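>>> Need coordinates for the below:
(one chain, ligands or ions: 1)
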Amino acid sequence: MNHAIHIHKVTKTFGKKTVLKDIDLSISAGQIYGLIGPSGSGKTTLIKIIVGMDTPSKGDVQVLNTRIPNLKALQNIGYMAQSDALYPELTGAENMAFFASLFKLRKHEQKERIAYAANLVDLSSHLSKKVGTYSGGMKRRLSLAIALIHDPQILILDEPTVGIDPELRLSIWNELIRLKDEGKTILVTTHVMDEAEKCDYLSMVRDGMILTSGPLQH
Ligand SMILES: Nc1ncnc2c1ncn2[C@@H]1O[C@H](COP(=O)(O)OP(=O)(O)OP(=O)(O)O)[C@@H](O)[C@H]1O
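Numbers count the residues shown, from 1 in each chain. The predicted structure follows:
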């Protein structure tokens, strides 16, 4: 089976506290995989381990058959964290261009991708404003646009639509579904049941363990 993400017996402890216990999880390419669970259940910790920002205490993670952490693998991953990592003194466009250049996008590609991603999150008319003047929701939208900037095979989104109004939330989800239909793999965490229902496969996380998982019918 072709797994985009494969997690094998991952345990994470902070001091004496075990926050992930023996997690096994495989995500097929071309699906939207949801992690739902209460605050503190371990979703963000798991996601950080998948993107290589943290290391497991035990077990291993592979993304597109490459063991993580691996710098090259990051080229294939678009990651949107829960807290925004943006430069307030730069404009929206400059923030996007900065991340695009980290991924070594050529100038014309940069322009194209910035226009696409800004349009997707409805920020096209705010791109020349400094990010320091953005609202919380606008910052979330910019973070999502940046996660998409290098057209990654895998999108990992930690509560991407928190603070985003329902109409835009719907259009973002429609776009995520379109990206999935293009063959992208999307891992998303959420608190919201109506978003969880849009996933192809859902795992419920509680106390660092996966309580139950299974496919969803649409
Ligand atoms: N660096 C750290 N040091 C110590 N404990 C940590 C650290 N990071 C996370 N934790 C703990 O690990 C547990 C899981 O946190 P995590 O952020 O993964 O949960 P979550 O499910 O993503 O919650 P939320 O939805 O609120 O982000 C929490 O009890 C948290 O306090």
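
>>> Export only the CA atoms of the helix or strand where Arg141 lies, formatted as CSV.
Element membership of Arg141 [criterion: DSSP states H and E] is helix 136-147. What follows is helix 136-147, C-alpha atoms only, in CSV (Å, rounded to 0.1, in the frame of the first residue of the first chain):
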residue,chain,number,x,y,z
GLY,A,136,-6.2,37.5,13.7
GLY,A,137,-8.4,35.9,11.0
MET,A,138,-6.3,37.5,8.2
LYS,A,139,-3.1,36.2,9.7
ARG,A,140,-4.6,32.7,9.8
ARG,A,141,-5.5,33.0,6.2
LEU,A,142,-2.0,34.3,5.3
SER,A,143,-0.5,31.3,7.1
LEU,A,144,-2.6,29.0,5.1
ALA,A,145,-1.6,30.7,1.9
ILE,A,146,2.1,30.3,2.9
ALA,A,147,1.6,26.6,3.6
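
>>> Show the secondary-structure elements that it is packed against.
strand 77-80, helix 92-102, helix 107-120, strand 154-158 (3 or more CB pairs under 8 Å, 6 or more residues apart in numbering; DSSP states H and E). In this view, the C-beta of every residue, glycine as well, is placed from N, C-alpha and C.

>>> average model confidence for the second one?
The one in question is helix 92-102. Per-residue pLDDT values across helix 92-102 average out to 94.

>>> That one to helix 107-120, inter-axis angle?
130 degrees (axes from the mean of the first three to the mean of the last three CA atoms, to 10 degrees).

>>> Am I right that Asp122 sits in a helix?
No - Asp122 is assigned coil when assessed by DSSP: H, G, I helix; E, B strand; the rest coil, not a helix.

>>> Surely it touches Met138?
No - at 9.1 Å, Asp122 and Met138 do not qualify as touching, with contact defined as CB atoms under 8 Å.

>>> More neighbours: which of those two?
Higher neighbour count among Asp122 and Met138: Met138, with 20 against 17, using other CB atoms under 10 Å.
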